[in-house]
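**Student:** Sharing a sequence plus its predicted fold:
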Amino acid sequence: MSQNWRTFGDSFYSDMLVRFSHCDPAGIVFYPQYFIMFNGLVEDWFNQCLGLDYAATITERRLGFPIVRLECDFVAPSKIGEIITFGLRLERLGRSSMAFAVDCRHEQKTRLSARFVLVAMDLERQRAQPVPDDLRRLMAAFQEGRFDFNNHNRRDS
């Protein structure tokens, strides 16, 4: 199954198949797997929504985005074979940090809600750094809802 991504307003959505590798012996998502999915969601947001090459950002620009704060409410289990939809919103764009809200749904029913903070990190120095201006412009445009629904391009304001 191919992944389905879309933006609408100030939110990015990504559908994901719950695979066997995500689950515990009961066939439900083992909760730490959601944290791995969050990182995949951020990568998809960079690549598909912002139009940036996440891998090149890490390997060539040497800029990383570790999670420094995370809170999560698990509402209902997700099961193997289901397609779950993650929604991501950028709530706050700080000097070097980004605060996100994420929800996960299956058939419009909430499975989890989370908030996490990423920090822009210089991977050579292993220290926080200001979000680079080119990324800040794209992130701010996303936050303001200035991306097309399917084309992932900024709309003229």
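**Tutor:** Sure thing, it's come through.
**Student:** Each with direction, which strands does the least confident helix or strand in the chain by mean pLDDT pair with?
**Tutor:** The helix or strand of the chain with the lowest confidence, counting by mean pLDDT, DSSP states H and E, is strand 4-8 at a mean of 87. Here strand 4-8 is paired, per DSSP bridges, with strand 11-17 (antiparallel).
**Student:** tell me what the next helix or strand after the partner strand is packed against?
**Tutor:** Next helix or strand after strand 11-17 toward the C-terminus (DSSP states H and E): helix 32-44. Here helix 32-44 touches strand 11-17, strand 67-74, strand 83-93, strand 97-106, strand 109-119, going by 3 or more CB pairs under 8 Å, 6 or more residues apart in numbering; DSSP states H and E. Yep, even glycine has a C-beta here, placed from its N, CA and C like the rest.
**Student:** Need the residue closest to the centroid of the chain.
**Tutor:** V42 (2.9 Å; CA atoms, centre = their mean).
**Student:** What pLDDT is listed against it?
**Tutor:** Reported pLDDT at V42 in the predicted model: 96.
**Student:** got the contact list for it?
**Tutor:** Counting by CB atoms under 8 Å, 6 or more residues apart in numbering, V42 touches Y54, F65, L88, F100, L118.
**Student:** mind listing what's buried in the least confident helix or strand of the chain?
**Tutor:** Residues of strand 4-8 classed as buried by neighbour count (16 or more other CB atoms under 10 Å): W5, R6, T7.
**Student:** Kindly calculate the angle that it makes with helix 32-44.
**Tutor:** 70 degrees (axes from the mean of the first three to the mean of the last three CA atoms, to 10 degrees).
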